Every structure is written in structure tokens, then in C-alpha cells.
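Asks: Only the shape, not the letters, is given here:
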């Protein structure tokens, strides 16, 4: 007797009928939420949603000039304008009642605080719209992608700016003294995140993934592994292991005492989570963890005098990625090779290096030679 694995073909499902762009948006949301990191899902839904709500006719009937007109309109949107209910203005002391974006026949330039949306911000709309149309082609709703030409033209027009941004990202540069101030003068449940990002080349979503489970953490041996958790993002494609020096281990052990005292526990007294970073209430940072942690960082930076709280330019704000830039700059200043820097940053190394290099045996030496020292 053999196991019968014969299956009958399921009946074909009739294509959903769309009578409005709202219907398309709901179908798009279901598609986007099936896979991908949370921040990418949010961006694709948000930016494509603005596009879908901007037209009365179905977007399946639009042509390339229609999409170009939308992109031109978004390029003139004020970067300080927040289209909420009610609308808000991030400009200091600027009244939303006099905003030219909400008035008829009033030139945008009449507002002293008007600043058009940065091309990088417009590019976010284009990328989401292009993905939307690729999906519509895949679903057989349209024959070709009308957004592709718009995407290519915009990328060509702003290629010099995008190349310059890749070489010189708009990011605040933190000194060793800045990092020490943020670590030593912030609440311990914030400080431990700042310390690990600065010393271990981490993105914010990577430090939010860290756990105290034995599978992922051994303080006696001095290592932590970054667990897989796509809900928080998944940009790291290479090395998952962090090596902790004496400075990091000492701070984590102190923080662990706070953690044990604050973590929420079940009826049997066991922790309800083994997540390393907890809020003051003893819980993980939640579904909007990356935003919430950066908000806490901004509050700490303002309190410590590193920010005023009124910064409008990205390069003036202290963000979580500043710590990763700090550790990268530190290692380069020590003369690290490009391949070893990729290893410490968790980037995917070129060629066969990832498959054949026994890098775990070298990690401790690399951290000792090139890992930042904060002298805490």
C-alpha cells in the first residue's frame, strides 16, 4: 500500500470586480501585507494610497502623462505640511489656516516657510506607485506598467543628487562624547540600546530584536545572536553574531538587574517575554517599535542639549542610524578592510566569502581591533 498524494485541481477563482480606487486600495493592502518588512508594508500602502485617492477614475485607466502630472504635483507639496484631520504644519509658528496648499489661487511661495518636498521623498511615491502597477500587470488587470517610464525619467533627472546622497548621507555625526552622554545620562532601558548600536554596528530594528534566551545570548562567553523577526525588518543578510567586550558585558549585566525587576511576568512568575529592550512598563516596544524608540531618542537628545526639538532638517536630528554611522567611522579610522567592515556590519559579503570563510573564529579579534570603545 502506498500513500496517495493525488490532489484535485481547485476551481479557478473569479477576478474581483473593482468599481473604485478604494476597492483597488483594499486589494493592494491585502497583497502588500502578505510579505515583507513592516516598514516597507507601511510605506507601500501609505504612498500608493495617496496616489489612489487622488484620481476619480480607476488608476487602471491612467497613462504615463497622468502619473507624471501626479509626481509633478507631489514635487510641489510642502515638506512641512501633514495632510491629516485636521491638517498640520511642522513649521515653527506657522498657521495652517493661511497655508497656500489649502487655499485657491495662492502661490505656494507666499508662505515664508514653504519648502518643496525633497526629491528623495518624491522618489518614495514613485517606487510605491511602480510596485502597484507591477502588481496590476501581474494580476492581468493592465497590459503594461505606465509608471516605469516615469521612474526611469525621474531617476535620470536626479541621478547626481542621488549619487551625492549615497556618498554623503544626510545624517548627524555623533562624537564619542555625544554617544557617552546619551548612554550615561539616559534611562537605562534606552541607554543599553544606544550602547549596543554604537559598539556593535547595529540598526535600530536589529537591537530591538535582541533577546536574553540562552539560544541567543551568552554573557559568560560574551556573544549575542540577532534572531530572525521579519515583523521588525530584515535588512541584515550577513553575520548575525555580536561579540561583547568587557564594557558591553558590564553594562548589560547592570541592565539585566533592571530588566528582571521590570519585565512583565505570568502567574507562575516567569517572564512573558525574553526581549532585551523593554519599555518602562516592562513590555517590548510594540508594533511601532522603530518609531517609538526613535521618539524616545529624540526626547533624550533634547533633554541633554544635543537637539532643540525644533530641527526641520534630517541632518540636524539625532536618529538611531547615527550610532551605526559612528561605529562604522570608528572602524574605518582604525584601518579596517572593506570585507571585514561588511562582516561586522552584517552586510552580505561579495563572492564566496560568506559560504567558505570561518568568520566566527575571527569575530572576537575584529571587535577587539576595530570595535568602538566608549571608555564608560
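Replies: Alright, I've got the coordinates. Note that the structure is a prediction, hence the values are computed from the model and not measured. Residues are numbered from 1 along each chain as shown.
Asks: for the longest helix anywhere in the chain, packing partners?
Replies: The single longest helix within the chain, with elements called by DSSP state H, is helix 119-138. Counting contacts by 3 or more CB pairs under 8 Å, 6 or more residues apart in numbering; DSSP states H and E, helix 119-138 packs against helix 21-32, helix 38-53, helix 64-75, helix 147-157, helix 159-167. Every residue, glycine included, has its C-beta placed from N, CA and C.
Asks: Ramachandran coordinates for residue 78?
Replies: With angles defined as degrees, to the nearest 10, residue 78 sits at phi -70, psi 130.
Asks: residue contacts, it?
Replies: Applying CB atoms under 8 Å, 6 or more residues apart in numbering to residue 78 gives the contacts 99, 101, 108, 111, 113, 114, 115, 116, 117.
Asks: Now restrict these to buried residues only.
Replies: Buried subset of these (neighbour count, 16 or more other CB atoms under 10 Å): 99, 101, 108, 111, 113, 114, 117.
Asks: Would you quantify the distance from the most centrally placed residue in the chain to residue 156?
Replies: By CA atoms, centre = their mean, the chain has its centre lying nearest to residue 39, at 5.8 Å. Remark: distance between residue 39 and residue 156 (CB to CB, to the nearest Å) = 27 Å.
Asks: try residue 376
Replies: Residue 376 is 48 Å from residue 156, by CB to CB.
Asks: Helix or strand next in line after the helix or strand of the chain with the lowest mean pLDDT, which one?
Replies: In the chain, the helix or strand scored least confidently by mean pLDDT, DSSP states H and E is helix 353-356, which has a mean of 57. Using DSSP states H and E, the helix or strand that follows helix 353-356 in sequence is helix 360-370.
Asks: Could you check that following helix and say which residues are buried?
Replies: 363, 364, 366, 367, 370.
Asks: Excluding chain neighbours, what is closest to residue 41?
Replies: Setting aside the residues directly before and after it, residue 41 is nearest to residue 32 in space (CB to CB, 6 or more residues apart in numbering), at 5.1 Å.
Asks: so who does that neighbour touch?
Replies: By CB under 8 Å, 6+ apart, residue 32 lies in contact with 41, 44, 45.
Asks: If we use 10 Å, what do you get?
Replies: 40, 41, 42, 43, 44, 45, 48, 128, 131, 132, 135 (CB atoms under 10 Å, 6 or more residues apart in numbering).
Asks: next one: residue 287
Replies: With CB under 10 Å, 6+ apart, residue 287 has these contacts: 38, 231, 232.
Asks: which one of the residues you listed is nearest residue 189?
Replies: For those, the residue nearest residue 189 by CB to CB is residue 232; the value is 17.0 Å.
Asks: Name the nearest residue to that closest one, sequence neighbours excluded.
Replies: residue 205 (4.4 Å).
Asks: The one you found contacts residue 292, doesn't it?
Replies: No: using CB atoms under 10 Å, residue 205 is not in contact with residue 292; the gap is 11.9 Å.
Asks: who's more crowded, those two?
Replies: Ranked by neighbour count (other CB atoms under 10 Å), residue 205 and residue 292 place residue 205 first, with 22 against 14.
Asks: Please report how far the more buried one lies from residue 252.
Replies: 19 Å.
Asks: returning to what we had before: which of the contacts of residue 287 has the most neighbours?
Replies: Each of the contacts of residue 287 was scored for neighbours by other CB under 10 Å, and residue 232 scores highest at 22 neighbours.
Asks: Next one: residue 71 relative to residue 307, how far apart?
Replies: Per CB to CB, residue 71 is found 33 Å from residue 307.
Asks: shouldn't residue 191 be in contact with residue 304?
Replies: No: using CB under 10 Å as the test, residue 191 is too far from residue 304 to be in contact (11.4 Å).
Asks: The two - which one has more neighbours?
Replies: The neighbour count for residue 191 versus residue 304, taken as other CB under 10 Å, is higher for residue 191 (19 against 15).
Asks: quick one, helices of the stretch 201-350 of the chain?
Replies: According to DSSP state H, counting those that start in this stretch, the stretch 201-350 of the chain carries its helices in the segments 204-209, 246-262, 289-303, 321-333, 338-345.
Asks: Relative to residue 186, which of the ones you listed is closest?
Replies: Closest of those to residue 186 is helix 289-303, at 4.5 Å (criterion: CB to CB).
Asks: ok and the closest one relative to helix 38-53, angle-wise?
Replies: Per axes from the mean of the first three to the mean of the last three CA atoms, to 10 degrees, the angle that helix 289-303 makes with helix 38-53 is 100 degrees.
Asks: If you count contacts, what does helix 289-303 end up packed against?
Replies: Contact here means 3 or more CB pairs under 10 Å, 6 or more residues apart in numbering; DSSP states H and E; on that basis helix 289-303 packs against helix 38-53, helix 176-184, helix 188-200, helix 204-209, helix 321-333.
Asks: Apply 7 Å and report the result again.
Replies: When contacts are defined as 3 or more CB pairs under 7 Å, 6 or more residues apart in numbering; DSSP states H and E, helix 289-303 packs onto helix 188-200, helix 204-209.
Asks: Now that helix: buried residues?
Replies: 289, 290, 293, 294, 296, 297, 298, 300, 301.
Asks: Rounded mean pLDDT for that helix, please.
Replies: Helix 289-303 shows a mean pLDDT of 93.
Asks: Same check on stretch 309-322?
Replies: Mean pLDDT, stretch 309-322: 87.
Asks: got it, and stretch 37-48?
Replies: Throughout stretch 37-48, pLDDT has a mean value of 88.
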